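> pasting the sequence and the predicted coordinates here, then a few questions.
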Amino acid sequence: MRHPIYAVYGLLVLAFVGFAEFQGMSLTRVNEVRNIPKTVRDNPGAYRSHYGGYYRYFGGK
Amino acid sequence: MTQPAANCPNCGALVHFRWSGAVQTTCEYCRSILVRRDVNLEKVGEVGDLPREASPIQIGTEGTYRNKAFQVVGRILYEYEEGGWNEWHIIFNDGVSGWLSDAQLEYAISFQSAPPEPLPPAGEIARARRFLWNGAWYEITSITRAHYRGVAGELPFEYWDKKDVLFADLRTADARFGTIDYSEPAPLLFLGEAVEFDDLKLRNLRPLEETTSAGRAAASALSCPSCGAPLTINAVGHTLSVVCSSCHSILDATDPNLQVLEKFEAKQLIQPLIPLGTRGKLYSADYEVIGFQVRTTDVEGLPDSWAEYLLFNPYKGFRYLTEYNGHWNYVQTVPANPERIQVGKKPGAKLMGRTYVLFDTELATTSYVLGEFPWRVHVGEKNGIKDFIAVPRILSAEITAQETVWSLGEYMTGAQVWQAFQLPGHPPPARGIFANQPAPFAGQASSMWRVCLNLLSVIVLLAIMFYAFASQDTVFQRQYGFAPRSAAEASFVTDTFEVKGHPSNVEISIHSDLNNNWAYFNLALINEATGQGYDFGREVSYYAGRDSDGAWSEGGRNDSVIVPSVAPGKYYLRVEPEMAKNAQSMLYTLEIKRSVPSAGLFWIAAALLLIPPILTTWRAASFEGKRWAQSDFSEAK
């Protein structure tokens, strides 16, 4: 093997991608919220999503 | 086997013949030259005093050429103004007669051959004239008028009363060798090839002490006729010029009185990095540094110099070490005439199957000399030089009015030279990039790309495997409706569903029946037990119609989002759809899957794998750019 360091680096990348894929990892992030009260189940309107509260309009062509 | 023998007609001693076909021989006792006349021997002359012997070969030396054993049985010695050479007559074990020439320890074996075409008369030969013989172009590279100096041993013809003889030497691109010999009324042709000393596996050579001790003894007593400083000559029999290190007189080493040929004024004393007399081992052979010269070129009005060290081995001959700004080359002359070719837009040369590209052309002036040289050295001598490169080799043509000498160099580091000669301290650091300096990443780039290709193949296989074996379990699926005009609370939560197994991603897909409308979904995936949630929103919009350009559509009715690394557990989804207040109702389906394959990570891994070979290739290309910036083909020139 002429490039042992690169080969080891490559194998580490492969191992990481295999592990990450298996664990369902992704570079995309969603907003993680902790301790959402159980009452949201009974009163979903009381929970305000981080993404709510504004309207969008996507007009046609 | 009994050798044929006869008595010397001069002294009566028994003369043995090693070869039954010999026409001429010499008596070892009275040194008479004897010629066979029928069954008798006739004395035709006497062997004169031959000069000090410098060749390691002698009559009786045995060797092998192309798996055929031979023995040296005779010798003709020639001299010309630039030195001398031996033609050793050799007899192979099958009786074939040939010639082993030894010119300053450069060897060639040739055989008399029937000319494929009538040979030109002496008056019509000229350098660079070419002949197509036996499928190869032979080019006349030198024309030598040599002086017959003497003979010894057995020869295949009478050869004892010559004076001056004209020879035309020819070379091919693949080291084949030819000589047209004008010693007879009808010119003779000898064809053969250059050979390496080691390849001949010579035995029964003259003892090294014999070839050097006589000369050394004589040389040790030498002193400069100009200033009286002691002088040493190491390559006795080969050295033509010796330089007095005290007064810088250049002396004729072939003259017993060491006639002063010239005296040069050194503007400054230059101390060679490798002192004269230093011995070292290069390519498994021992060499001694016996000469040193500085050669200077003019670069845009400024002098630029490099140093050349002359190395000597009594069997292998002369080699050179060149040094420029800490860059070194091990150089030896080439016994071939490289083929001139075109390499793309650049001129090139082809030697032994390897292609060299012209790098630069310069006019070099010898500006400083020390030690001894096997040629008539002359300070101020100017030679045209063309350098062709095939990294790490450099093929140089040194052009004089008389001949073009080709030499082949191989790049060495200062550390390698220091180790070879066991020099103290450290070599001067290499500055800049030299013409044939190996690029530190050139060889690595291609092999690294091969490793990269293998790793990328593994990534593709890995991706195929994940796509093939990903479970993609549907853990929830249900259809809902949304009426924006309704005053009821829009938000709701789904039934609980279970995400099983190992942590994995979860894909939430929305399939709607929107038409020329939009909807926004505020979503939260909430773990029922821990209260941990993933909060996100998705927009779905779909518009379609027809205008003067035809039908068009924009957006889509469906969308999805992947939530990464969701721990196993029971979850529900909080959903809060939004639409324009006056929009029509819509139906939509929420579908949730776990362990869905995703290509993103594989693309990222591929990019990570590509970075090192791309960087290496870029660095190699950058190195080549800097190399060629110094060439004749630099855009700056």
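That came through fine.

> give the contact list for residue B:475.
Counting by Cβ atoms under 8 Å, 6 or more residues apart in numbering or on different chains, residue B:475 makes contact with B:497, B:498, B:499, B:500, B:506, B:592, B:593, B:594. C-beta: built from backbone N, CA, C; applies to glycine.

> which residue is the nearest non-sequential neighbour of it?
residue B:497 (4.7 Å; Cβ to Cβ, 6 or more residues apart in numbering or on different chains).

> okay, now the one you found: neighbour count?
Burial of residue B:497 is recorded as 18 neighbouring residues (other Cβ atoms under 10 Å in any protein chain shown).

> what residue lies at the spatial centre of chain A?
Geometric centre of chain A, nearest residue: residue A:29, 3.4 Å, by Cα atoms, centre = their mean.

> from residue B:66, how far out is the nearest residue to that one once chain neighbours are set aside?
Closest residue to residue A:29 apart from its sequence neighbours, by Cβ to Cβ, 6+ apart: residue B:564 at 7.8 Å. Relative to residue B:66, residue B:564 is positioned 73 Å away (Cβ to Cβ, to the nearest Å).

> which one of those two is surrounded by more residues?
More crowded of residue B:564 and residue B:66, by other Cβ under 10 Å: residue B:564, with 21 against 10.

> so the more buried one belongs to a strand, correct?
Yes: Residue B:564: assigned to a strand according to DSSP: H, G, I helix; E, B strand; the rest coil.

> thought it was touching residue A:28?
Yes: the criterion here is Cβ atoms under 8 Å, and residue B:564 meets it with residue A:28 at 6.7 Å.

> tally up the residues packed near residue 18, please.
In the absence of a named chain, this looks at chain A. For residue A:18, the count of nearby residues is 18 (other Cβ under 10 Å).

> chain B, not that one
Under the neighbour criterion other Cβ under 10 Å, residue B:18 is assigned a count of 18.

> cool, residue B:401 as well?
6.

> likewise the one 4 residues further on?
Other residues lying near residue B:405 total 16 when counted by other Cβ under 10 Å.

> where's it, which helix or strand?
Applying DSSP states H and E as the criterion places residue B:405 in strand B:404-412.

> which outside residues touch that strand?
B:141, B:320-322, B:327-334, B:336-338, B:351, B:391-398, B:434, B:436-438.

> what about residue B:429, which SS state?
From three-state DSSP, the assignment for residue B:429 is coil.

> swap in residue B:77?
At residue B:77, secondary structure determined by three-state DSSP is strand.

> surely it is in contact with residue B:146?
No: using Cβ under 8 Å, residue B:77 is not in contact with residue B:146; the gap is 9.7 Å.

> which neighbours do these two have in common?
Residues touching both residue B:77 and residue B:146 (Cβ under 8 Å, 6+ apart) are residue B:85.

> please parse chain B into its domains.
For chain B, the structural domains run B:5-200, B:220-420, B:442-468+B:601-628, B:471-596, going by automatic domain parsing.

> would TSV of these with mean pLDDT be doable?
Listed next are the domains of chain B as TSV, based on pLDDT from 0 to 100:
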stretch	mean pLDDT
domain B:5-200	88
domain B:220-420	91
domain B:442-468+B:601-628	92
domain B:471-596	93
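
> let me have these in TSV, adding distance to residue A:2 as columns.
Converted to TSV, those look like this (distance: least, Cβ to Cβ, whole Å):
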stretch	distance to residue A:2
domain B:5-200	31
domain B:220-420	17
domain B:442-468+B:601-628	5
domain B:471-596	37
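
> out of those, which is closest to residue A:15?
Residue A:15 lies closest to domain B:442-468+B:601-628 among the domains of chain B, at 10.0 Å (Cβ to Cβ).

> now do the same end-to-end measure for that closest one.
End-to-end distance for domain B:442-468+B:601-628: 14 Å, by Cα to Cα, to the nearest Å.

> right, and residue B:201 touches residue B:64 too?
Yes: using Cβ under 8 Å, residue B:201 is in contact with residue B:64, at 4.7 Å.

> look at those two and report which has more neighbours.
Legend: neighbour count by other Cβ under 10 Å for residue B:201 and residue B:64, higher for residue B:64 (15 against 11).

> so in terms of bridging, what pairs with residue B:535?
On the basis of DSSP bridges, residue B:535 is bridged to residue A:31, residue B:524.

> hang on, residue B:204 packs against residue B:59?
No: counting by Cβ under 8 Å, residue B:204 stays clear of residue B:59, with 9.6 Å between them.

> tell me the helices in the chain, going along the chain?
All of this is about chain A. Ranges of helices within chain A are A:4-22, based on DSSP state H.

> wrong one, chain B
Shown for chain B, the helices assigned by DSSP H span residues B:208-220, B:414-420, B:442-469, B:600-628.

> dump these to a markdown table, plus mean neighbour count.
Compiled in a markdown table, the helices of chain B are given as follows (neighbours: other Cβ atoms under 10 Å in any protein chain shown):
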| stretch | mean neighbour count |
| --- | --- |
| helix B:208-220 | 15 |
| helix B:414-420 | 17 |
| helix B:442-469 | 16 |
| helix B:600-628 | 17 |
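
> what residues sit buried inside stretch B:502-519?
By 16 or more other Cβ atoms under 10 Å in any protein chain shown, the buried positions in stretch B:502-519 come out as B:503-512, B:514, B:516-519.

> do you know how far residue B:270 is from residue B:331?
20 Å.

> who has more neighbours, those two?
Taking neighbours as other Cβ under 10 Å, residue B:270 and residue B:331 compare with residue B:331 leading, 21 against 16.

> so what's the more buried one up against?
B:319, B:320, B:321, B:322, B:396, B:407, B:408, B:409, B:410.

> which of those residues sits closest to residue B:263?
The shortest gap between residue B:263 and any of the contacts of residue B:331 belongs to residue B:320, at 24.9 Å (Cβ to Cβ).

> can you tell me how far that closest one is from chain A?
Plainly put, residue B:320 is 32 Å away from chain A if you go by Cβ to the nearest Cβ, to the nearest Å.

> is that residue bridged to anything, and to what?
With DSSP bridges as the criterion, residue B:320 is bridged to residue B:310, residue B:331.

> beta partners of the residue most central in space within chain B?
Closest to where the C-alpha atoms of chain B average out (Cα atoms, centre = their mean) is residue B:393, at 3.2 Å. Beta bridges link residue B:393 to residue B:390, residue B:410, judged by DSSP bridges.

> contacts only, for it.
Counting by Cβ under 8 Å, 6+ apart, residue B:393 makes contact with B:354, B:356, B:408, B:409, B:410, B:411, B:436.
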